[in-house]
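Trainee: Give me a 3D structure for the following:
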Amino acid sequence: MPVALLTVWVHDIALDTDRYVETVSPLASDPAIEDAAVRRITHAADVRVNGSQAAADIAAWLQSQGLPPRAAQAVKGLGPQLDAAVNDTVDKVATRFVTSDRFERIWTNANRDAHAAVVHALTGEGRGAVGVNGGTVTLDVGEAVDQVKKALEGAGVSVASKIPDVDKQMVLFQSDQLEKVRDAAHLLDVIGNWLPVIVVVIGAAGVLLAHRRRRALARTALGAAFACLVVAIVLVVVRRYYLDHLPAQVQSEAAAAAVFDTLLHFLRVSLRTAIVLGVVIALGAYLIGPGRLPRSIRGTSERAADSAAVWAYGHQVRTGRVGTWVEAHRRWIALAALLIVALVFALWNHPTALTILLLVIILLAVLALLALLAASGRATVDAEQAAPPRPDGGT
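Mentor: Numbers count the residues shown, from 1 in each chain. Presented below is the predicted three-dimensional model:
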C-alpha cells in the first residue's frame with residue numbers, strides 16, 4: 001500500500017506539470033522562501049560603493065568651497081553611512097520585488113517551463129531553470145536578479161548597472177541519496193498508476209479466498225493502515241534528520257523545510273487518507289460481525305427504528321408499499337449503496353480523510369433511512385395482521 005501511494009505521488013507531483021505547478025506555486029508567497037530569495041538576490045546583485053572614497057571626495061570639494069576643516073572632517077566620516085544606505089536600498093528594492101506579483105509570476109513560469117528538469121531530478125540530469133548536479137537541485141534566479149537590477153537603476157542607484165555576472169543559482173534541495181533513488185523512481189514511473197489497482201485486486205482476492213472473509217477484511221485493512229502509519233512516522237524522522245544535516249549549499253533551513261513540506265504534502269495526505277480508510281473498513285467489518293457489542297449496537301438501532309415507525313404509523317405517517325418493498329429487499333439495497341459509495345471514492349480525484357468521513361456519513365444516513373423504511377413496512381404489515389376482519393368478509 002505505501003509503495004502504491006508513492007507511485008501516485010511520483011505521477012501527480014513529478015510527472016504532472018499542472019499538478020506540480022499547483023503544488024509549488026504557493027511557495028512564491030511563503031515567508032521563508034521570500035526571505036531566502038531576497039538574501040540570494042541581494043547577494044547576487046552585489047552592489048558596492050566605496051563610501052569612504054566618495055565621502056572624502058565630497059569633503060575635499062566642500063573644503064575647497066570654504067567649508068571649515070572640522071566640518072569637512074565630519075563629512076568624511078559619513079563613508080560607512082553611505083555604504084549602509086546603498087545596501088539598505090538594494091535590500092528594500094529586492095524585498096519589494098520578491099513580495100510582488102511579478103516574482104510570483106516568475107516563480108510559477110520558471111517552475112512550469114522547467115518541469116521536465118524536475119522529472120529528471122528523479123530520472124536523470126536536469127535542464128532549464130531547474131538544474132540537477134549530483135544530489136543538488138537548484139533554481140536559476142537570474143531573471144529575478146535582472147529585474148532587481150532594472151529597479152535599482154530606476155531608483156537612481158547608477159552603480160547597479162555594474163552588477164557582475166555571478167552565480168545566480170538558489171539551492172532548493174540537496175541530498176547525497178538523490179542519485180541512489182533514481183533507479184527506484186524510474187521503476188515507479190514505469191509501473192505508474194497500475195500498482196494501486198494491483199494492490200486493491202490482491203487485497204480483494206485475499207479476502208475472497210479467505211476462510212473467514214470478514215476477519216480477513218478487517219486484518220487486511222488494519223495491516224494497510226499500520227503500514228501507512230509506519231511510513232508517515234518515517235517521513236517525520238527523515239524530515240528532522242534532513243533539516244539537522246543541511247549542507248552548506250542550502251542558505252535557509254526555513255526555506256528548505258518549506259520546500260520539503262510542500263513537495264511531500266500530497267504524499268502525507270494520501271497516507272492519512274489510507275490510514276483513515278483502513279480503520280473505517282476494519283470498523284465496518286467488526287460492526288457487522290457476531291460479537292456482543294456489534295449485536296447490541298445493531299439491536300438498539302433496530303429497536304429505535306421500530307419505535308419511530310410505530311409512532312409514525314399511529315400519526316398517519318406511512319410508507320405503504322415502499323416500506324414493505326424495502327423490508328423485503330433491504331440487504332441488497334444496502335449492498336448497492338455500499339458499492340456506490342465505494343465507486344464514488346474510487347473515482348474521486350485525490351480523496352482525503354475528510355472525503356472518507358463525508359462518504360461514511362452519507363452511507364450511514366442511507367442505512368438509517370433504509371432502517372426506518374423497513375421498520376415502517378413491518379409496522380404496516382403488523383397493523384394489517386392485527387386488524388379485525390371486516391363484516392363483509394374483507395380484510
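Trainee: how much space between A37 and A258?
Mentor: Remark: distance between A37 and A258 (CB to CB, to the nearest Å) = 11 Å. (C-beta placed from N, C-alpha, C; glycine too.)
Trainee: out of those two, which sits in the busier spot?
Mentor: Counted by other CB atoms under 10 Å, A37 and A258 do not tie: A37 has more neighbours, with 27 against 19.
Trainee: quick one: which helix or strand includes Y241?
Mentor: Y241 is part of helix 213-244 when elements are defined by DSSP states H and E.
Trainee: For that helix, which helices and strands make contact with it?
Mentor: On a contact count with 3 or more CB pairs under 8 Å, 6 or more residues apart in numbering; DSSP states H and E, helix 213-244 meets helix 2-9, helix 194-209, helix 253-263, helix 265-287.
Trainee: Go through the ones you listed and name the closest to G299.
Mentor: helix 265-287 (12.2 Å; CB to CB).
Trainee: Quick one: mean pLDDT for the helix or strand just after that closest one?
Mentor: Of the helices and strands lying after helix 265-287 in sequence (DSSP H and E), the nearest is helix 292-314. Mean per-residue pLDDT for helix 292-314: 86.
Trainee: CA atoms only for helix 292-314 - export them in PDB, please.
Mentor: Presented in PDB, the C-alpha positions along helix 292-314 are these (Å, rounded to 0.1, in the frame of the first residue of the first chain):
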ATOM      1  CA  ARG A 292     -21.700  -8.900  21.600                       C
ATOM      2  CA  LEU A 293     -21.100  -5.200  21.100                       C
ATOM      3  CA  PRO A 294     -21.900  -5.300  17.300                       C
ATOM      4  CA  ARG A 295     -25.100  -7.200  18.100                       C
ATOM      5  CA  SER A 296     -26.000  -4.800  20.800                       C
ATOM      6  CA  ILE A 297     -25.500  -1.800  18.500                       C
ATOM      7  CA  ARG A 298     -27.500  -3.300  15.700                       C
ATOM      8  CA  GLY A 299     -30.300  -4.400  18.100                       C
ATOM      9  CA  THR A 300     -30.500  -0.900  19.600                       C
ATOM     10  CA  SER A 301     -30.700   0.700  16.100                       C
ATOM     11  CA  GLU A 302     -33.400  -1.700  15.000                       C
ATOM     12  CA  ARG A 303     -35.500  -1.100  18.200                       C
ATOM     13  CA  ALA A 304     -35.100   2.700  17.700                       C
ATOM     14  CA  ALA A 305     -36.300   2.400  14.100                       C
ATOM     15  CA  ASP A 306     -39.200   0.200  15.100                       C
ATOM     16  CA  SER A 307     -40.300   2.700  17.800                       C
ATOM     17  CA  ALA A 308     -40.100   5.600  15.400                       C
ATOM     18  CA  ALA A 309     -42.100   3.600  12.700                       C
ATOM     19  CA  VAL A 310     -44.900   2.600  15.200                       C
ATOM     20  CA  TRP A 311     -45.100   6.300  16.300                       C
ATOM     21  CA  ALA A 312     -45.300   7.500  12.700                       C
ATOM     22  CA  TYR A 313     -47.900   4.800  11.800                       C
ATOM     23  CA  GLY A 314     -50.000   5.900  14.800                       C
END
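Trainee: Cool, thanks, talk later.
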